[in-house]
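Enquirer: Here you go, sequence then predicted model.
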Amino acid sequence: MEATNNPIVVTRDGAVLTVALNRAEKKNAFTQQMYQACADAFTSVSKDESIKVVVFRGTGGCFSAGNDLQDFLSHQHAPEPFKHTLAFMRALLHCPVPVVAEVQGVAIGIGTTLLQHCDFVYAQSDSKFAVPFTQLGLCPEYAASQRLIDIVGLRKATEWLLLAEPFTAHEALQAGLLNQLFDDATELTAQVNKTVARLVSLPRDAMVTSKRLIAAPDTVDVIEREIIEFGRLLAAEAAQEAMEAFVERRPVNSERYQ
């Protein structure tokens, strides 16, 4: 990939669009600018019928550490604090063609929940996952409160979402969040390329129609309901204390963290 300072790098190779998170020095943590850039990239697919597949990956041996909390907190009092986040969520959810995710390193928060809306997820075996919303005084987002149950089952989803503890790539594979694991980054990329080549060889209309039929019908409603509760909790003292403590690299104040 050509060196660039852009936090999102979008490239095109024939019928394949690649969206790469390119902020490795921050473990590809999402800013509002990055959400909007990803939203624009995925939305463009609906307007270009020559695109058959989207590859979603991170650079620097990392997928995404989730939200950049400093950037996140700086936008919380904006008139529409989730405008760019929701634009990305909706664009990925409604991407008409298959999305293939390539995961290395950490996948935290939305770095994990966005995988629910990818059609194929391949990961390196030493990758780490977490959905630490309750730890931050928040609730699940991106339809994780329902979609994750559909994918990994009620017991495992409840364990991950309520305990907010990290889990391994092997546990994610066993639960059904991932398609396949690879010990070597070269093998991981080779499998992504193999899947992409197969998808490119198939009729676009058949894939688009099949993906639309597979999609869970109530996912959009769940996303919208969650974001209302997420916003309510974000304004509460526990969430403010959790995120401020994280940014300031200090223990939480237990009196505020209730």
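Expert: Sure thing, it's come through. Residues are numbered from 1 along each chain as shown.
Enquirer: In contact with the residue nearest the centre of the chain, which residues are there?
Expert: The residue lying closest to the centre of the chain (Cα atoms, centre = their mean) is L114, at 2.7 Å. L114 sits next to F56, S64, L92, A101, Y142 when contact means Cβ atoms under 8 Å, 6 or more residues apart in numbering. Bear in mind the C-beta positions are built from the backbone N, C-alpha and C, glycine included.
Enquirer: One more pass at 10 Å, please.
Expert: The contact partners of L114, by Cβ atoms under 10 Å, 6 or more residues apart in numbering, come to 30, 38, 56, 63-64, 66, 88-89, 92-93, 99, 101, 107, 121, 141-142, 144.
Enquirer: F88 now?
Expert: F88 makes contact with 30, 32, 34-43, 110, 114, 142, according to Cβ under 10 Å, 6+ apart.
Enquirer: still on that earlier bit, please type out the PyMOL selection for whichever of the contacts of L114 turn out to be buried.
Expert: A single PyMOL command selects the buried members of the contacts of L114 (16 or more other Cβ atoms under 10 Å):
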select buried, resi 30+38+56+63+64+66+88+89+92+93+99+101+107+121+141+142+144
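Enquirer: if we can go back for a sec, in a helix, the residue nearest to the centre of the chain, correct?
Expert: Yes - assessed with DSSP: H, G, I helix; E, B strand; the rest coil, L114 lies in a helix.
Enquirer: Is T189 within a helix or a strand, and which one?
Expert: Element membership of T189 [criterion: DSSP states H and E] is helix 185-200.
Enquirer: Now find how far off-centre the next helix or strand after that helix is within its chain.
Expert: Moving toward the C-terminus from helix 185-200, the next helix or strand (DSSP H and E) is helix 204-214. Put simply, helix 204-214 sits 22 Å off its chain's centre (Cα atoms, centre = their mean, to the nearest Å).
Enquirer: How about the secondary structure of A123?
Expert: Classification of A123 using three-state DSSP returns strand.
Enquirer: which ones are touching it?
Expert: Going by Cβ under 10 Å, 6+ apart, A123 touches 63, 101-105, 107, 115, 129, 169-170, 172-173, 177-182, 188.
Enquirer: Tell me the predicted confidence for it.
Expert: At A123, the model reports a pLDDT of 98.
Enquirer: Specify the beta-bridge partners of it.
Expert: For A123, the beta-bridge partners are V103, L181 (DSSP bridges).
Enquirer: same deal with A20?
Expert: Beta bridges link A20 to V9, R57 when assigned by DSSP bridges.
Enquirer: how about it, what does it touch?
Expert: Listed by Cβ under 10 Å, 6+ apart, the contact partners of A20 are 1, 4, 6-11, 28, 41, 55-59, 102.
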